[in-house]
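>>> Give the three-dimensional model of this entry:
(2 chains)
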Amino acid sequence: MAPFDPSSRPEQEAYARWLAWGTRVGFAVLVVTYLLYVTGIVAPAIPTERLPELWALPLGEYLAETHAPTGWAWLASVGKGDILNLVGVAILAASTLACYLRVLPIFVRARHRAYVAICVVEIAVLIAAAAGIF
Amino acid sequence: MNARRLVLGITTGATLLAASGAAYAARMPAGGLAWWAWPLLLFATTFLMGIVAVVGGIGGGVLFVPIVGGFFPFHLDFVRGAGLMLALCGALASGPALLRSGLASLRLAMPLSLAGSIGGIAGALVGLALPTRVVQVALGITVLLIAVLMWWTRNSARSEARAPDRWAMALGLHGHFHDPAANRTVAWKARHTGWGLASFFGIGMVGGLFGLGAGWANVPALSLLMGVPLKLALGTSGLAISIINTSSAWVYMNKGALLPMIIVPSILGVMTGARVGVRVLKGIQASTARNIVIAVLMLAGLRSLLQGLGF
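Numbers count the residues shown, from 1 in each chain, chains lettered A, B, ... in the order given. A predicted model of the protein is given here:
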């Protein structure tokens, strides 16, 4: 039996390629934005000196105290150092969705109905989670 | 070998020392330690955690939540969000290489991850709605059960290729991969697909609820329940975590429970530690390392349980 050949499952190779890019870009953005944040180059929405008194609070109290954005409202404050970090997080979290969108047409072309259905439902679940429907 | 054991001993000791330092600092008044000391302390702790996690054959996420939740001053809501991101990043980073080498199967991961994603979202929503003490008690019990499961399954590495079920046939859950360590090609077929889907829903829910990586449960489910060879189970588990934790991570992000000051140093610490851990791993007996991880989990689980009970 021949060793595993990813080209025999084209969706596997395509998924790996897109995941590698998404992860690479996501990590790079996460590290750069974090450095901008902790060095104070980009001023944060919540002063770093206040964090030790805030991060011990339950989420509800923390949000009430800081008025930190929820849902996609963070996009409006992306110029703030701490909020800027969420760009890297969003890229990392969106990588899987991008990979599913990439492999969907491969399954469609192969007429593999079960995997087309799985892909469509997973994409719907991820979009719903990202959109804050849950 | 003795020198390597010494390294492992020092690593474990340093992890406990860092945790003790954090516990001491956590008892200080809010202004007792400058804000910048916390990411440094977090980086040092997660660096050591990364070494122990690799040597013990588990993801860092399962150690992160009970240890950081138990010994650092951060609220459990933020620790769970960071734990999810930690497990997600580790899984995303290893995914491409696992897929290309054939040590992870996308077709096997996809249906299981769908069940896990739905469970993960449910778990994340429940976890953020429950009172902290309830979550702490449940986390403590879960971590103690994980330690027991790891002890119970420590010698259950073997799986056999048996006849696949109807669902596995329909989904094409079979194939082969090259095992470089044994230098041979291994054929595999999945079975008990329905039970596998149900297990992944439950595992996803626990992962989303507590912010744990789920390798500790995915691997036995794939290997022992579905009959997938252990190496493929390990690789596919990592890929499944990257999909399942994505959906839970979105929930935590939308609720505002992701704090960059906790997340980024933790991710960098665990990933750097994991690279060192890979080197240490070469000379360490897997059983010794696993026993140490089990002991650390027992301690962390017990602390979480006692905290939740008000002690």
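
>>> Point out where the chain drops to low pLDDT.
Just so you know, I chose chain A. Within chain A, the stretches with pLDDT under 70 are A:1-8.

>>> The intended chain is chain B.
B:1-31, B:55-57, B:59, B:154-162, B:281-286, B:289.

>>> The same query, at a cut-off of 50, please.
B:1, B:3, B:6, B:27, B:29-30 (pLDDT under 50).

>>> Geometrically speaking, which residue is the centre of chain A?
Centroid-nearest residue in chain A, with CA atoms, centre = their mean: A:Ala93, separated by 1.8 Å.

>>> Now the element after the helix or strand hosting that residue, going C-ward?
Under the criterion of DSSP states H and E, A:Ala93 resides in helix A:81-109. Next helix or strand after helix A:81-109 toward the C-terminus (DSSP H and E): helix A:113-131.

>>> distance of the residue nearest the centre of chain B from A:Thr33?
Among the residues of chain B, the one closest to the centroid is B:Gly213, at 3.2 Å (CA atoms, centre = their mean). Remark: distance between B:Gly213 and A:Thr33 (CB to CB, to the nearest Å) = 24 Å. Heads up, the C-betas are built off the backbone N, CA and C, glycines and all.

>>> swap in B:Cys89?
15 Å.

>>> Settle it for me: which of those two has more neighbours?
The residue with more neighbours, out of B:Cys89 and A:Thr33, is B:Cys89; 28 against 23, by other CB atoms under 10 Å in any protein chain shown.

>>> part of a helix, is the residue nearest to the centre of chain B?
No. Going by DSSP: H, G, I helix; E, B strand; the rest coil, the assignment for B:Gly213 is coil, not a helix.

>>> give me the residue from the stretch 101-250 of chain B nearest chain A.
Among the residues of the stretch 101-250 of chain B, B:Gly102 lies closest to chain A, at 2.8 Å counting by CB to the nearest CB.

>>> What is the burial count for residue 73?
Just so you know, I chose chain A. Residues near A:Ala73, counting by other CB under 10 Å: 13.

>>> nope, chain B
19.

>>> wait, the residue nearest to the centre of chain A sits on B:Thr246?
Yes. A:Ala93 is within contact range of B:Thr246, at 5.4 Å (criterion: CB atoms under 8 Å).

>>> Now do stretch A:49-62: distance from first to last residue.
Taking CA to CA, to the nearest Å, the first and last residues of stretch A:49-62 lie 15 Å apart.

>>> Give me the three-state assignment for the nearest residue to B:Leu42 once chain neighbours are set aside.
In space, and not counting its chain neighbours, B:Leu42 is closest to B:Pro265: 4.6 Å by CB to CB, 6 or more residues apart in numbering or on different chains. For B:Pro265, the assignment made with three-state DSSP gives helix.

>>> how about B:Pro265, what does it touch?
Taking CB atoms under 8 Å, 6 or more residues apart in numbering or on different chains, we find B:Pro265 in contact with B:39-40, B:42-43, B:46.

>>> one more time with 10 Å
The neighbourhood of B:Pro265, defined by CB atoms under 10 Å, 6 or more residues apart in numbering or on different chains, consists of A:34, A:38, B:38-47, B:82.

>>> Follow the chain on from the helix or strand containing A:Gly22 and name the next helix or strand.
Using DSSP H and E, A:Gly22 maps to helix A:10-38. Later in the chain than helix A:10-38, the nearest helix or strand by DSSP H and E is helix A:51-54.

>>> Would you mind confirming that the residue of the stretch 101-250 of chain B closest to chain A is in contact with B:Gly175?
Yes. If you go by CB atoms under 10 Å, B:Gly102 and B:Gly175 touch, sitting 7.9 Å apart.

>>> For those two, indicate the residue with more neighbours.
B:Gly102 (24 against 19).

>>> That one and B:Asn183, how far apart?
14 Å.

>>> One more: B:Phe74?
Per CB to CB, B:Phe74 is found 46 Å from B:Asn183.

>>> Next: A:Val121.
Remark: distance between A:Val121 and B:Asn183 (CB to CB) = 39 Å.

>>> Neighbour count for those two, which is higher?
A direct count of neighbours by other CB under 10 Å for A:Val121 and B:Asn183 places A:Val121 higher, at 14 against 8.

>>> Ramachandran angles for B:His176?
Main-chain dihedrals, B:His176, degrees, to the nearest 10: phi -150, psi 160.

>>> ugh, wrong one, I meant A:Gly40
According to degrees, to the nearest 10, A:Gly40 has phi 80, psi 10.

>>> got the contact list for it?
Contacts of A:Gly40 (CB under 10 Å, 6+ apart): A:47-48, A:81.

>>> now the helix or strand in which B:Gly95 is found and helix A:10-38, what's the angle there?
Taking DSSP H and E as the criterion, B:Gly95 maps to helix B:76-101. Helix B:76-101 runs at 140 degrees relative to helix A:10-38, counting by axes from the mean of the first three to the mean of the last three CA atoms, to 10 degrees.

>>> so after helix B:76-101, what's the next helix or strand?
Downstream of helix B:76-101, the first helix or strand assigned by DSSP H and E is helix B:106-129.

>>> touching chain A at all, that next one?
Yes. Helix B:106-129 reaches chain A (CB under 10 Å from any CB of the partner chain) through B:106-107, B:109-114, B:117-118, B:120-122, B:124-125, B:128.

>>> so which of the residues you listed is the most crowded?
Result: B:Gly120 is most packed of the residues of helix B:106-129 next to chain A (other CB under 10 Å), 34 neighbours.

>>> Helix, strand, or coil at B:Val186?
Applying three-state DSSP: B:Val186 is strand.

>>> rewinding a little: with the contacts of A:Gly40 in mind, which one is nearest to chain B?
Using CB to the nearest CB, the contacts of A:Gly40 come closest to chain B at A:Thr48, 4.9 Å.

>>> Near the closest residue to that closest one other than its chain neighbours, how many other residues are there?
In this structure, A:Thr48 finds its nearest non-sequential neighbour in B:Trp35, 4.9 Å apart by CB to CB, 6+ apart. By other CB under 10 Å, the residues close to B:Trp35 number 17.

>>> so B:Trp35 touches A:Val38, yeah?
Yes. Counting by CB under 10 Å, B:Trp35 does reach A:Val38; the two are 9.4 Å apart.
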